[in-house]
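In: Turn this into a structure:
(one chain, ligands or ions: 1)
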Amino acid sequence: MTSKGVFALRRPIIAGNWKMHMTPSEAVKLVEELIPQVKEAKAEVVVIPPFVDLTEVSKVIKGTNILLGAQNMFWEEKGAYTGEISPLMLKEIGVKYVVIGHSERRQYFGETDETVNKKVLSALSHGLSPIVCVGESLSQREEGKTFEVVLSQTKEALKGVSPDDIVRVVIAYEPIWAIGTGKTATAEDANEVIKAIRNTIASLYGKEKASLVRIQYGGSVKPENISELMAESDIDGALVGGASLVATDFAKIVNY
Ligand SMILES: O=C[C@H](O)COP(=O)(O)O
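Out: Numbers count the residues shown, from 1 in each chain. Prediction:
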């Protein structure tokens, strides 16, 4: 039996990371369109708008099956940290998930394994579930370093996470070369890396815990390739960028 068959408790999670798209009024329109189209979804559905849209989107999705995520957060609760957003602020407006260590943040905003780890620990201690992004660049893949890079990012991100909390962590495997490029890792290749991530979690927390951790694939996920990805044994969902900006496309992905 596949690991999905044995561990049916891993409910798929499909999240739309809007990145720096959608003003508050556009955001409201998008979720209003989305709500009726995803209400029968078997997967957990998450939308991840920019910070300034969160309050409005939170109001619109109240009472629906759509959950709210944020794209980043700082690890402190409050203080003189101009421009930052704290876990308490996110909690109060109904955020459940927070993306941490997206490759765009690692690339453009100086996010490191160390800051990722601090944010993961802070999110967990404030009752937020982190969606921790890991993934290799094209040159790392070409040099045969995919597993080394991804597994090291995973271990660093999880330092100090307790066995109780590990099941609240979601990992998103996003090969950087597949993000926004139209190039997708083959479902099989993605599954191999995701299996290796699960084995790493098993080596740290035991097989049973690892079997409960949800690991998504991200990188040019579209209505056309979602079924193939979800058919793999270890892929538990998707972190969707571009295709989550069009309600009908995101709905098709969610209802794969
Ligand atoms: O967070 C989402 C990913 O970076 C994937 O983006 P994409 O679907 O536009 O390739």
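In: if you go through the chain in chain order, where are the strands?
Out: With DSSP state E as the criterion, the chain has strands at 13-17, 44-48, 66-70, 97-100, 129-134, 170-173, 214-218, 237-240.
In: So which elements touch the fourth one?
Out: Spelled out, it's strand 97-100. Applying 3 or more Cβ pairs under 8 Å, 6 or more residues apart in numbering; DSSP states H and E, one finds that strand 97-100 makes contact with strand 13-17, strand 44-48, strand 66-70, helix 113-125, strand 129-134. Bear in mind the C-beta positions are built from the backbone N, C-alpha and C, glycine included.
In: Give the pairing partners of the first one; include direction for each.
Out: Strand partners for strand 13-17, identified by DSSP bridges, are recorded as strand 44-48 (parallel), strand 237-240 (parallel).
In: can you list the helices and strands packed on strand 97-100 in CSV and add mean neighbour count, distance to the ligand and mean pLDDT?
Out: As requested, these are exported to CSV (neighbours: other Cβ atoms under 10 Å; distance: least, Cβ to the nearest ligand atom, whole Å; pLDDT from 0 to 100):
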stretch, mean neighbour count, distance to the ligand, mean pLDDT
strand 13-17, 26, 4, 98
strand 44-48, 25, 8, 98
strand 66-70, 22, 10, 98
helix 113-125, 20, 15, 98
strand 129-134, 26, 7, 98
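In: JSON lines please, covering those and showing distance to K29.
Out: Formatted as JSON lines, the helices and strands packed on strand 97-100 follow (distance: least, Cβ to Cβ, whole Å):
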{"stretch": "strand 13-17", "distance to K29": "14"}
{"stretch": "strand 44-48", "distance to K29": "13"}
{"stretch": "strand 66-70", "distance to K29": "14"}
{"stretch": "helix 113-125", "distance to K29": "29"}
{"stretch": "strand 129-134", "distance to K29": "24"}
